[in-house]
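>>> Build me a model from this:
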Amino acid sequence: MNLLKPIDYFLNRTTMYRLVLYFLIWLLAVALVVSALGRLPFSPWALLGSTLILLVLAWATNTLFAAVWRVPANPESAIITALILALIITPQLTTANFLFLGWAAVLSMAAKYLLAIKQKHLFNPAAIAVVITALALNQSASWWIGTAAMAPFVLAGGWLIVRKIRRPGLVVSFLLAALIATSLFGLARGADLPSLWWRFVLNTPLLFFACVMLTEPLTTPPTRLWQIVYGALVGALFAPQIHLGVIYSTPELALVAGNILAYLASPKFKLQLRFKKKVQLTPDTYDFVFTPDRPFKFRPGQYLEWTLGHSWPDSRGNRRYFTIASSPTEEDLIMGVKFYQPGSSFKRQLMNINEQTMISAAQLAGHFTLPENPSAKLVFIAGGIGITPFRSMIKWLLDQRQPRDITMFYCARTPADFAYKNIFDQAAATLGLNIIYTITDTAAVPPGWRGQSGQLTEAMIRQAVPDYLERIFYLSGPRSLVDNFKRVLRRSGVSGKNIKTDFFPGFA
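Alright, predicted model coming up:
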C-alpha cells in the first residue's frame, strides 16, 4: 500500500489555510505537553493564558476593522495569526507580557487594513506586529518554537505544508541562502560547520519560519522566478549576524524586507465584485458572473483567490482558488464552479448568492498561460471543471482573431456535461482549432456521435496528434486526471518542460 495516498487524500480535501491552522494547533498541543515535562522555559498555564489573550484580541480587532472597511471578515486568518504569535512570543504570567501580547494581537490585525495599498496588505501580519513592538515597546519575539524539543514536531507538520503548497523553489532557495549565509559567517570566526548546521536547524526557528511564515500566500510573489528571488533574499537576511549599524537582523525583519520585494513584484489590487448573474452550464456546473469595482489586467489561464464571507464556515473555510473563466477582453469576471454533494459551506453560500452580495478577489497568479510564441504547437487536455482556463484562452484567441495550432481533448462523462461548447465550436470553425470531445461513459454515447468515447488513452492521443513530441501539453482537471496523464506523457517520451499543469499551489 502506498502510504502517501491517505496523506495526499487528506491534503487534497484540506485548504492550505486550514492545514496551517491544524498544524499550529498541533504545535501548541505538543508544547503544552513538553512544557509540562519541563523541557520549555514556561508553564502550560502561561502558554494557555497567552494564547487565549491573543485569540480574543486578534479576533475582536479583525472583526472591528472588517466592519469599518465593509469587507468580509476572515476569522480563520485572525486565528492563524494569533496562534503564530503564541508560538513566537515567550508566554509569561506578568502584566508587562500581557500588554505586549495585546499590542501584538491588535497591531497584527490593524496592519492588514492600515498598511495596505489598494486593499492589498503589504506585510505578514505577525511579522510586522513584532517589528513594531520591538521598535515602540522594546519588547521582541523570542521565537521559542525554534528549540530542539519542538523541532521533530515542526518538521513533521511542516513537511505536510510544503507538500501541499508545491512551491519547492521558494522553500529551497530560502533554506540554501540561510545556510550559506550562516556558514560564511561561521567560517569567518572558525566555527565547526557540521555543529553549526546542527544547531542552526534544531535551535533556531528556521523550519517553522520556512513552512509557516515564508509561505503566507498574500505576501509572497505569484511567479516562480520571483518566489526564488524572494526566498533567497529572506534566507540571506535570516542570518542573525547581518546588521545595519546597531540593528541586527531578526526573522521578522528579514520577512518584512522580503514582503516589500514581494509587493513590488506582485499585482497590486484587491477586487470587490458585485454579483451579476448565475448561468447553469451543465447539470452540476455553473458560471457566476461578477462586475469588478475596477478594471484589472490578467493573462488567460490565471487564477484568483476568492473570499466569500459567511457564517459558520466549515473545515474548508471561506476562501477558494478558482481559475478566471472569462477572457481579458470581457468586461465581466466569470468563475466556473462544479458542485458536488455534499457541498461545502462556501459553495452552499455561493449557490444562494444574490445581487446584494459582495465577494472579494485577490492574489492573481498562475503560469498556466499561453506561450508568447504564437507558432508553438499545443495540446489541451481537460476534464470536468478543468475546462475553465481553456475557455479563457480560447475566448481570448477568438476575440483577438488569433489562430494557433491547438488540439484540445475535452473529456466529460456524458454529452450534457460539456460546458462552453458554443465557444469551442466557434473557435474550431473560425480559427481552425481541432476540438475532440470525449465521452468517458460509453453507455452515455448517443447514436451518431462523432467524437471519441471511453477513457482517453495514449493511443488516442498519438492517433489524433502524430507530432505530439513537438507539442506543449496543457493538463487541467481533477488531480487524478492531471497526475495520470502526466505519467502517460512522460512514458511516451514527452519532455517534462513541455508539460504544463493547472494546479493551484496548494491553497485550494
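>>> Next up, phi/psi of residue 225, please.
Dihedral pair for residue 225: phi -60, psi -50, per degrees, to the nearest 10.
>>> how many other residues sit next to it?
Applying other C-beta atoms under 10 Å, we find 10 residues neighbouring residue 225. Bear in mind the C-beta positions are built from the backbone N, C-alpha and C, glycine included.
>>> From residue 9, how far off is it?
Distance of residue 225 to residue 9, given as C-beta to C-beta, to the nearest Å: 32 Å.
>>> same check, this time on residue 260
Here residue 260 is placed at a distance of 38 Å from residue 9 (C-beta to C-beta).
>>> pull the CA atoms of the lowest-mean-pLDDT helix or strand in the chain into CSV?
Confidence across the helices and strands of the chain bottoms out at helix 4-12, with a mean of 74, counting by mean pLDDT, DSSP states H and E. Once non-C-alpha atoms are left out, helix 4-12 reads as follows in CSV (Å, rounded to 0.1, in the frame of the first residue of the first chain):
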residue,chain,number,x,y,z
LEU,A,4,1.3,8.7,0.7
LYS,A,5,-2.1,8.1,-0.7
PRO,A,6,-4.1,8.7,2.5
ILE,A,7,-1.8,11.7,3.2
ASP,A,8,-2.5,13.1,-0.3
TYR,A,9,-6.2,12.5,0.1
PHE,A,10,-6.2,14.5,3.3
LEU,A,11,-4.2,17.3,1.7
ASN,A,12,-6.5,17.4,-1.3
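>>> what comes up buried for it?
Buried residues in helix 4-12, counted by 16 or more other C-beta atoms under 10 Å: residue 11.
>>> Give me the contacts around it.
Contacts to helix 4-12, defined as C-beta atoms under 8 Å, 6 or more residues apart in numbering, come from residues 19, 160, 163-164, 479, 506.
>>> now do 6 Å
Residues outside helix 4-12 that contact it (C-beta atoms under 6 Å, 6 or more residues apart in numbering) are 164, 479.
>>> moving C-terminal of that helix, what's the next helix or strand?
Sequence-wise, the next helix or strand downstream of helix 4-12 (DSSP states H and E) is helix 16-36.
>>> now that following helix: how far from the chain's centre is it?
Taking C-alpha atoms, centre = their mean, to the nearest Å, the mean C-alpha location of helix 16-36 is offset from the chain mean by 21 Å.
>>> Could you check the angle it makes with helix 4-12?
Helix 16-36 and helix 4-12 are oriented at 110 degrees to each other (axes from the mean of the first three to the mean of the last three C-alpha atoms, to 10 degrees).
>>> Just the buried positions in the following helix or strand past helix 16-36, please.
Per DSSP H and E, helix 16-36 leads on to helix 44-69 as the next helix or strand towards the C-terminus. Of the residues in helix 44-69, 44, 46-47, 49-51, 53-55, 57-59, 61-62, 65-66 count as buried by neighbour count, 16+ other C-beta under 10 Å.
>>> packing partners for the helix or strand just after helix 44-69?
Sequence order places helix 75-88 as the next helix or strand after helix 44-69, per DSSP H and E. If you count contacts as 3 or more C-beta pairs under 6 Å, 6 or more residues apart in numbering; DSSP states H and E, helix 75-88 packs onto helix 16-36, helix 44-69, helix 125-136.
>>> Show me what the mean pLDDT comes to for the first one.
By that I understand helix 16-36. For helix 16-36, the mean pLDDT works out to 94.
>>> Just the C-alpha atoms of the lengthiest strand in the chain, please, in PDB.
Counting residues, the longest strand found in the chain (DSSP state E) is strand 271-282. The C-alpha coordinates for strand 271-282 follow below in PDB (Å, rounded to 0.1, in the frame of the first residue of the first chain):
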ATOM      1  CA  LEU A 271     -11.100  43.500  -6.200                       C
ATOM      2  CA  GLN A 272     -14.600  43.900  -4.700                       C
ATOM      3  CA  LEU A 273     -17.000  42.100  -7.000                       C
ATOM      4  CA  ARG A 274     -20.700  42.700  -7.400                       C
ATOM      5  CA  PHE A 275     -22.700  39.600  -8.300                       C
ATOM      6  CA  LYS A 276     -24.400  40.000 -11.700                       C
ATOM      7  CA  LYS A 277     -25.900  36.600 -12.700                       C
ATOM      8  CA  LYS A 278     -25.700  32.800 -12.400                       C
ATOM      9  CA  VAL A 279     -25.700  30.600 -15.600                       C
ATOM     10  CA  GLN A 280     -26.200  26.900 -15.500                       C
ATOM     11  CA  LEU A 281     -23.800  25.200 -17.900                       C
ATOM     12  CA  THR A 282     -24.300  21.500 -17.100                       C
END
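>>> Pretty sure residue 303 sits against residue 325.
No. Between residue 303 and residue 325 there is no contact under C-beta atoms under 6 Å: 10.1 Å.
>>> follow-up on the earlier one: for residue 369, which of the helices and strands packed on helix 75-88 is the nearest?
Nearest to residue 369, of all the helices and strands packed on helix 75-88, is helix 16-36, at 21.9 Å by C-beta to C-beta.
>>> In the stretch 251-400 of the chain, where is pLDDT below threshold?
Within the stretch 251-400 of the chain, the stretches with pLDDT under 70 are 268, 315-316.
>>> need the helices for it, in chain order.
According to DSSP state H, counting those that start in this stretch, the stretch 251-400 of the chain carries its helices in the segments 251-264, 345-351, 388-400.
>>> Go through those and pick out the most buried.
Ranked by mean neighbour count under mean count of other C-beta atoms under 10 Å, these are led by helix 388-400, which reaches a mean of 23.
>>> what helices or strands is it leaning on?
Judged by 3+ C-beta pairs under 6 Å, 6+ apart, the packing partners of helix 388-400 are helix 421-431.
>>> if we go to 8 Å?
Secondary-structure packing of helix 388-400 (3 or more C-beta pairs under 8 Å, 6 or more residues apart in numbering; DSSP states H and E): strand 319-323, strand 378-383, strand 406-412, helix 421-431, strand 472-476.
>>> Is it possible to get TSV of these that adds distance to residue 249 and mean neighbour count?
Converted to TSV, the helices and strands packed on helix 388-400 look like this (distance: least, C-beta to C-beta, whole Å; neighbours: other C-beta atoms under 10 Å):
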stretch	distance to residue 249	mean neighbour count
strand 319-323	32	22
strand 378-383	46	25
strand 406-412	49	23
helix 421-431	52	15
strand 472-476	42	24
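>>> Tabulate the ones you listed in TSV, adding columns for distance to residue 492.
Putting the helices and strands packed on helix 388-400 into TSV (distance: least, C-beta to C-beta, whole Å) gives the following:
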stretch	distance to residue 492
strand 319-323	26
strand 378-383	12
strand 406-412	14
helix 421-431	25
strand 472-476	10
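>>> who wins for proximity to residue 439 among the ones you listed?
Nearest to residue 439 among the helices and strands packed on helix 388-400 is strand 406-412; the distance by C-beta to C-beta comes to 6.6 Å.
>>> Next, the angle from that closest one to strand 271-282.
Strand 406-412 runs at 70 degrees relative to strand 271-282, counting by the same axes, to 10 degrees.
>>> between strand 406-412 and strand 472-476, how many degrees?
Orientation note: strand 406-412 sits at an angle of 20 degrees relative to strand 472-476 (the same axes, to 10 degrees).
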